[in-house]
Structures are given as C-alpha cells and as structure tokens.
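Trainee: Please work out how this folds:
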Amino acid sequence: MDSFDVVTLGAPGAGTTMFLAAMFSQLKAGQPADGPFLDISLAQARMLQRMPSAAADPEAGWPQADPPAWEFTCCTRAAGRVFEIFRINYLDFAGVRLRQALFGNTAIGHRFQQKILSAHALLGVLDGLALRYLLDDDPRGERRDGLGMKTVFQIMRTHAGHRPVHFVVSKWDLLADAYGLGDVRAKLMEFGDFAALVRSGGPGRPAPLVRLIPVGALGSGFARLDAAGIVRPARAGVSSPVNAEIPLVALPVDFYHARAAGPVLSEDLMGGLADVLTPAAPWDGTAGVVDQRSAVRETILNFRRRLEQFEERYPASRPDSQPAEHG
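Mentor: Numbers count the residues shown, from 1 in each chain. Sure, this is the predicted structure:
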C-alpha cells in the first residue's frame with residue numbers, strides 16, 4: 001500500500017497529539033457510513049480516544065501517549081466494500097522529542113535528519129495560546145513559545161524544498177473570538193523565516209505549497225481566556241473538532257500539485273489523483289466505485305470538495321495570497 005510520511009514539529013504544549021486525536025475523531029470508521037475514514041491500530045486508537053475526554057475533564061487525568069509515529073490507514077467504504085487508499089505515518093518530532101533531536105539525543109537527532117529529508121510533507125503545530133498572547137502584545141507570548149515557532153520556521157525553511165508544508169494553528173477557540181486567520185497570517189509574516197519560506201520561490205525554484213489551518217481539537221466553548229489572559233475551563237461535554245481533518249485531506253492533493261520528491265507512488269494512486277485534479281473532473285459521490293483506482297478517485301474527489309469548502313471559509317489559509325481582514 002502507498003504510504004505518505006509526514007514529519008510533525010511543534011513546541012511542548014502546542015497540542016500536536018490533541019490535533020491527531022481530533023483528526024481521528026472526525027474521520028474514524030462510521031463517520032459517515034459511506035466515504036473516507038481512518039483506521040489505526042487498537043492500541044493507538046485507545047490512546048487517541050482518551051484524549052478529548054481528558055482535555056474536557058482535567059480531573060480525569062492526562063493519558064500517557066508518546067509513540068515515535070502514529071500510523072493511520074485512509075480507507076473508503078463504497079459498493080459494499082472497504083478499500084484501503086493509502087497509509088499516512090505522522091513521524092512525531094514535536095515537544096520533548098524535538099528538543100532531544102536538536103540538543104541532546106544523538107540517535108533521535110540522526111533519525112530526525114533522515115526522516116525530514118525523506119518525508120513527503122512537513123507539518124508544524126503552532127501553539128494557539130502563544131499566538132493569542134503575541135497578537136495581544138502580551139509578553140507571555142514570547143515566554144510561552146520558548147523553543148517553538150522560530151525554531152519550527154527555521155527548520156521548515158531549511159528543509160522544505162518544494163514539498164507541502166502545513167501549519168496547524170492549534171487551540172483556535174482561544175483566538176477566534178478576537179482574531180481571524182488573516183490576523184494570524186500577518187503576525188506570522190513578522191517572523192523572518194516564515195516570510196522567507198512563503199516567498200522562497202523563484203526562477204527554476206518552486207516555492208513550497210504552504211497552508212495555515214486553524215484547528216479546534218475540542219470545538220468551541222470548552223475553554224476561554226479570562227480578563228487576566230488565563231485559560232479557564234468553560235464547560236464539559238462532547239467534543240466537536242473543527243478543521244482537524246483538513247491536513248490529511250490536503251496532503252495528497254498538495255503532494256500531487258507540488259510534484260514533491262519522495263518514494264514513488266503506485267499507478268492507482270497517482271492515476272486516481274490525475275483523474276480528479278483537473279477542472280473537468282465530475283463529482284458523483286461513490287456510485288462509480290468498481291475497483292481500486294475508482295475508489296482512489298472518489299476519495300480524492302471527496303477530499304477536494306472538503307478542501308474547497310475550507311478555502312472558501314478561510315481565504316487567508318494560503319499565506320502567499322493577499323491577507324484577509326477576517327477568516
């Protein structure tokens with residue numbers, strides 16, 4: 001089966017694992033009855049499924065989950081069958097593991113160098129709370145970020161090439177009441193390495209395809225900032241993630257458009273991508289699924305539709321476009 005390797009970077013506390021838990025929650029089997037969904041090993045599924053409830057109810061305790069990689073299989077259900085479309089391996093170098101890779105553990109540092117050079121795409125998780133403080137001109141923004149955005153931007157700029165680069169803006173509920181994604185984009189463009197990454201294209205040197213993706217791992221209303229800028233729990237309840245599926249949805253589409261380097265993918269996957277990612281490709285649900293290539297085609301059509309809807313809601317999600325005042 002085809003596999004995409006994605007190196008994941010983020011500072012401690014940025015919310016990397018919560019984002020993955022939310023993505024799995026939005027795309028796990030049975031949601032919807034037909035169409036794409038994610039499968040994962042039982043052990044990793046149990047770890048991820050505990051995280052939203054633990055975050056919504058801090059007294060329940062935080063699950064211990066820190067594997068070096070999260071391995072998902074993207075499947076689609078159609079015509080009474082389940083088709084495995086591709087595997088996606090999130091290679092986790094966020095939090096403590098990023099510190100070890102850069103400053104301490106030789107084995108982890110060597111693995112980091114190998115994986116970031118061979119990955120199909122790069123994913124950075126940016127701490128939404130740190131961004132809120134920065135946008136508020138609150139000095140806690142610099143203190144909270146620590147080994148964070150500047151380091152991630154520097155690594156991305158150095159290693160991106162022309163591969164897809166996605167930035168998840170975590171804890172979006174702490175930002176969305178006061179700021180839009182255009183405001184976040186403008187603040188990030190003040191970081192030299194981020195701006196250089198976005199503007200790195202030139203003659204014979206294509207720029208990486210960069211996206212900003214606001215993600216609320218629990219949804220809205222679970223936490224709020226009080227008058228002193230302290231995060232307070234607002235309520236308990238059932239989580240309803242926002243945009244957590246978009247990094248996965250965008251990955252094969254962006255990889256195809258970027259023609260990024262990496263291991264060769266199968267004819268079924270690349271052919272299905274080519275069938276879909278043209279202006280004339282029709283959308284007809286899953287009625288036309290008869291074999292592996294048509295299952296790929298319908299999955300990518302589903303992904304393209306979701307991505308188009310996301311881009312309509314968040315016109316500033318492509319940092320190389322004109323900044324938007326809101327959204």
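Trainee: The stretch 101-250 of the chain: strands as residue ranges?
Mentor: Applying DSSP state E, counting those that start in this stretch to the stretch 101-250 of the chain gives strands spanning 121-126, 165-169, 210-214, 223-225, 231-233.
Trainee: need the contact list for the residue nearest to the spatial centre of the chain.
Mentor: Closest to where the C-alpha atoms of the chain average out (Cα atoms, centre = their mean) is residue 247, at 3.6 Å. Applying Cβ atoms under 8 Å, 6 or more residues apart in numbering, we find residue 247 in contact with 23, 123, 166, 168, 211, 213. In this view, the C-beta of every residue, glycine as well, is placed from N, C-alpha and C.
Trainee: Okay, now the sheet partners of the biggest strand by length in the chain, with direction.
Mentor: Looking across the chain with DSSP state E, the single longest strand is strand 81-94. Its sheet considered, strand 81-94 pairs with strand 3-10 (parallel), strand 69-78 (antiparallel) by DSSP bridges.
Trainee: Can you report how many residues lie near the residue nearest to residue 214 when sequence neighbours are not counted?
Mentor: In this structure, residue 214 finds its nearest non-sequential neighbour in residue 172, 4.1 Å apart by Cβ to Cβ, 6 or more residues apart in numbering. By other Cβ atoms under 10 Å, the residues close to residue 172 number 23.
Trainee: wouldn't residue 172 be in contact with residue 128 here?
Mentor: Yes. Counting by Cβ atoms under 8 Å, residue 172 does reach residue 128; the two are 5.8 Å apart.
Trainee: Distance from stretch 74-81 to the middle of the chain?
Mentor: From the chain centre to the centre of stretch 74-81 is a distance of 24 Å (Cα atoms, centre = their mean, to the nearest Å).
Trainee: Stretch 157-173 now?
Mentor: Taking mean C-alpha positions (Cα atoms, centre = their mean), stretch 157-173 and its chain are 8 Å apart.
Trainee: If we go by neighbour counts, what in that stretch is buried?
Mentor: Applying a neighbour-count criterion of 16 or more other Cβ atoms under 10 Å, one finds 157, 159-173 buried in stretch 157-173.
Trainee: cool, and stretch 292-311?
Mentor: Buried residues in stretch 292-311 (16+ other Cβ under 10 Å): 292-304, 306-307, 310-311.
Trainee: One more: stretch 7-15?
Mentor: For stretch 7-15, by 16+ other Cβ under 10 Å, it's 7-11, 13-15.
Trainee: What's opposite residue 211 in the beta bridge?
Mentor: residue 166.
Trainee: Quick one: neighbours of the closest residue to residue 11 other than its chain neighbours, just the number.
Mentor: The shortest distance from residue 11 to any non-neighbouring residue, by Cβ to Cβ, 6+ apart, is to residue 148 (3.5 Å). Neighbourhood size, residue 148 [other Cβ under 10 Å]: 24.
Trainee: can you check residue 81 too?
Mentor: Counted with other Cβ under 10 Å, residue 81 comes out at 12.
Trainee: before we move on, what about the one 4 residues further on?
Mentor: Neighbour count for residue 85, taken as other Cβ under 10 Å: 23.
Trainee: Please tell me how far it sits from residue 248.
Mentor: 11 Å (Cβ to Cβ, to the nearest Å).
Trainee: Identify the contacts common to these two.
Mentor: residue 74.
Trainee: Surely residue 78 touches residue 298?
Mentor: Yes. If you go by Cβ under 8 Å, residue 78 and residue 298 touch, sitting 6.4 Å apart.
Trainee: Output the below-cut-off pLDDT ranges for the stretch 51-200 of the chain.
Mentor: 52-67, 105, 145-147 (pLDDT under 70).
Trainee: Now with 50, please.
Mentor: Under the criterion pLDDT under 50, the flagged ranges of the stretch 51-200 of the chain are 61-62.
Trainee: if we can go back for a sec, residues touching the residue nearest to residue 11, list them.
Mentor: Taking Cβ under 8 Å, 6+ apart, one finds 10-11, 14, 126-127, 130 in contact with residue 148.
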